[in-house]
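Undergrad: heads up, no residue letters with this:
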């Protein structure tokens, strides 16, 4: 299994907006992204059978939740993916994957999480480029 790496801890820009309604960050040293490259929708019914996609989903989810909890944006409890709402991909020098998911915890807190991961299997690299946590609700 390839090693998922990230320089995110070194060069992470964290910013919050809208009084905890939306929280997000970006990696300023993001990997290649081509503004003119087209994004392609990937049906989750197909993607869920791909172990590499599942590894990227787990990596992005775990890393995003860890940062969000350390920043106090969400409760420091175990969160779960309740639904993958969409997945799109962009071919660059590797592939950018944009996951949009619904999450929740056992205490009833729910949120939406959108994250972008750059993956380059030939270089054995995967990086979380950015994420946005939104529609945070405490039930």
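TA: Yep, it's here. Bear in mind the structure is a predicted one, so any value in this text is a computation, not a measurement.
Undergrad: quick check: longest helix of this protein.
TA: helix 51-70 (DSSP state H).
Undergrad: once you drop chain neighbours, what's closest to the residue nearest the centre of the chain?
TA: In the chain, the residue lying closest to the centroid (C-alpha atoms, centre = their mean) is residue 115, at 2.7 Å. Among residues not flanking residue 115 along the chain, residue 131 sits closest, at 3.7 Å (C-beta to C-beta, 6 or more residues apart in numbering). Where you see a C-beta, it was placed from the backbone N, CA and C, and this is true even at glycine.
Undergrad: isn't there a strand covering that neighbour?
TA: Yes. Counting by DSSP: H, G, I helix; E, B strand; the rest coil, residue 131 is found in a strand.
Undergrad: didn't it look like it was pressed against residue 117?
TA: No. Between residue 131 and residue 117 there is no contact, the gap being 9.3 Å when judged by C-beta atoms under 8 Å.
Undergrad: and stretch 37-44, how far from the chain's centre?
TA: 16 Å (C-alpha atoms, centre = their mean, to the nearest Å).
Undergrad: can you give me the end-to-end span of it?
TA: When the termini of stretch 37-44 are compared using C-alpha to C-alpha, to the nearest Å, they are 21 Å apart.
Undergrad: what does it rub up against?
TA: 53, 84, 86, 87, 88, 89, 90, 91, 92, 98 (C-beta atoms under 8 Å, 6 or more residues apart in numbering).
Undergrad: residues near the fifth one, how many?
TA: Counted with other C-beta atoms under 10 Å, the neighbours of residue 88 add up to 15.
Undergrad: and for residue 82?
TA: A total of 12 residues lie near residue 82 under the criterion other C-beta under 10 Å.
Undergrad: again with residue 68
TA: Neighbours of residue 68 (other C-beta under 10 Å): 23.
Undergrad: which ones are touching the closest residue to it other than its chain neighbours?
TA: If the residues on either side of it in the chain are set aside, residue 68 comes closest to residue 74, at 4.9 Å by C-beta to C-beta, 6+ apart. Residue 74 sits next to 65, 68, 109, 111, 133, 136 when contact means C-beta under 8 Å, 6+ apart.
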